[in-house]
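Asker: fold the following and give me the result.
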Amino acid sequence: MKPRIISPSRLSFSLAAALAALFAVSTAQAVTLYWDGTTSTANADGGNGNWNDNSTTNWDTLAFGGADSVWLNSNPDIAVFGGAAGTVSLTSAITAGGITFNTTGYTLAGDGAQTLSFATGDNVILFNNIAAASTSSGASAGLKLGGAGNVILSASTPATAGALTLQYNVAGDHSIGWSGSTTINAGMTLALNGRDLSLSSTSGITLNGGGITLTNTNSTQGAFDRVSSNAITANGGTVTYTNTSGSGLIYGETIGAVDLNRGQTNFALTTNMAGGGG
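Answerer: Residues are numbered from 1 along each chain as shown. As a prediction, this is how the structure comes out:
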């Protein structure tokens, strides 16, 4: 058999193609982007603003001295919210690979139509020594959460209590929630208010010393199963169901099998029986 001779021009082309493919893969890797609100300064100042896909350059590549950047759903990146707290309004569907809150009091808001989706794999929602963040935008709308990823709530300082409050208020729309697993680590509480059913689609819940709070404020919400029979693996933690509807009725919540693995796990019911409204 004759040896195959590759011409220099063809070899150069093949090498260039390989390098181009390698570069394309490397540039598609997820990065960390820092929220810059409505500004275009070199520092990530935080504050109010619109979060959209490949449109507004209100993200920075570094917390200080970074270049302006758009958000790209195709990566997907990790969003860091610091500086001044504010309301971040989604004006398009967003896919993220994780969220870090460095400042207490941020709200991620929607108009009832936009979805914040968690990418395939593990997505950490990290509270960096802060107390609270929320998803809500008023009494008649809200932000949908979705995606196929796993959601992990963690606190950088577990001794500092932190609460992520989810509130979705569109009547009759229960098409929300991520389909991956949910893990709530020590120091974190996931609170579901209004019509929010973000845990209804999760494949399973693990409590590693963290907590879940389910709040019912009227008789309509009393018919919801916010956890929807999902199995809970408990390594210590607390699940609290609070009824403040004043309807004179105690509403129940359906959960699946509970695996009491280790530590102390508490299940609590708090109800206000006064009044007869709904």
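Asker: ok, residues contacting the host helix or strand of Tyr34?
Answerer: According to DSSP states H and E, Tyr34 maps onto strand 32-35. If you take CB atoms under 8 Å, 6 or more residues apart in numbering as the criterion, strand 32-35 is touched by 44, 46, 49, 58-63, 66, 69, 71, 77-83, 88, 100. Quick note: C-beta positions are derived from backbone N, CA and C, even for glycine.
Asker: let's see it at 10 Å
Answerer: For strand 32-35, the surrounding residues in contact (CB atoms under 10 Å, 6 or more residues apart in numbering) are 43-47, 49, 51, 58-64, 66, 69-72, 75, 77-84, 86, 88, 96-103, 106.
Asker: among those residues, which ones are buried?
Answerer: If you count burial by 16 or more other CB atoms under 10 Å, the buried members of these come out as 44-47, 49, 51, 58-60, 63, 66, 69, 71-72, 75, 77-83, 86, 88, 96-103, 106.
Asker: for the strand holding Tyr34, which strands pair with it and how are they oriented?
Answerer: Strand 32-35 pairs in its sheet with strand 59-60 (antiparallel), strand 78-81 (parallel), by DSSP bridges.
Asker: got TSV for those strands, with distance to Gly194 and mean pLDDT too?
Answerer: Output for these, formatted as TSV (distance: least, CB to CB, whole Å; pLDDT from 0 to 100):
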stretch	distance to Gly194	mean pLDDT
strand 59-60	29	96
strand 78-81	22	98
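Asker: can you lay out these as TSV showing distance to Ile125?
Answerer: TSV is the format used below for the strands paired with strand 32-35 (distance: least, CB to CB, whole Å):
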stretch	distance to Ile125
strand 59-60	18
strand 78-81	10
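Asker: which one of those lies closest to Val124?
Answerer: With CB to CB as the measure, strand 78-81 is the member of those nearest Val124 (8.0 Å).
Asker: so what sits opposite the nearest residue to Ser136 once chain neighbours are set aside in the bridge?
Answerer: What sits nearest to Ser136 in space, not counting adjacent residues and going by CB to CB, 6 or more residues apart in numbering, is Gln167, at 3.9 Å. Following DSSP bridges, Gln167 is listed with bridge partners Asn193.
Asker: residue contacts, Gln167?
Answerer: Neighbours of Gln167 in contact, by CB under 10 Å, 6+ apart: 107, 109, 134-139, 141-143, 191-196, 198, 215.
Asker: please check those residues and keep the buried ones.
Answerer: 107, 109, 134-137, 141-143, 191-196, 198, 215.
Asker: run a quick neighbour tally on Ser179.
Answerer: Using other CB atoms under 10 Å, Ser179 is surrounded by 14 other residues.
Asker: now Thr270
Answerer: 11.
Asker: same check, this time on Asn54
Answerer: 10.
Asker: for Arg226, same thing?
Answerer: 24.
Asker: give me the distance from the strand holding Tyr34 to the chain's centre.
Answerer: Put simply, strand 32-35 sits 15 Å off its chain's centre (CA atoms, centre = their mean, to the nearest Å).
Asker: against Asp259, how distant is Gly177?
Answerer: 21 Å (CB to CB, to the nearest Å).
Asker: among these two, which residue is more densely surrounded?
Answerer: Gly177 (24 against 13).
Asker: what helix or strand is the closest residue to the more buried one other than its chain neighbours located in?
Answerer: Leaving out its chain neighbours, the residue that sits closest to Gly177 by CB to CB, 6+ apart is Ser201, at 3.7 Å. For Ser201, there is no host helix or strand (DSSP H and E).
Asker: what's the closest non-adjacent residue to Asn129?
Answerer: That would be Thr157: by CB to CB, 6+ apart, it lies 5.0 Å from Asn129.
Asker: secondary structure element for that neighbour, which one?
Answerer: Thr157 belongs to no helix or strand, assigned by DSSP H and E.
Asker: surely Thr103 and Ala63 touch.
Answerer: No - in this structure, Thr103 is not within contact of Ala63 by CB atoms under 10 Å, at 11.7 Å.
Asker: got a list of what Asn208 touches?
Answerer: By CB under 10 Å, 6+ apart, the residues touching Asn208 are 152-154, 158, 183-188, 233-237, 261-263.
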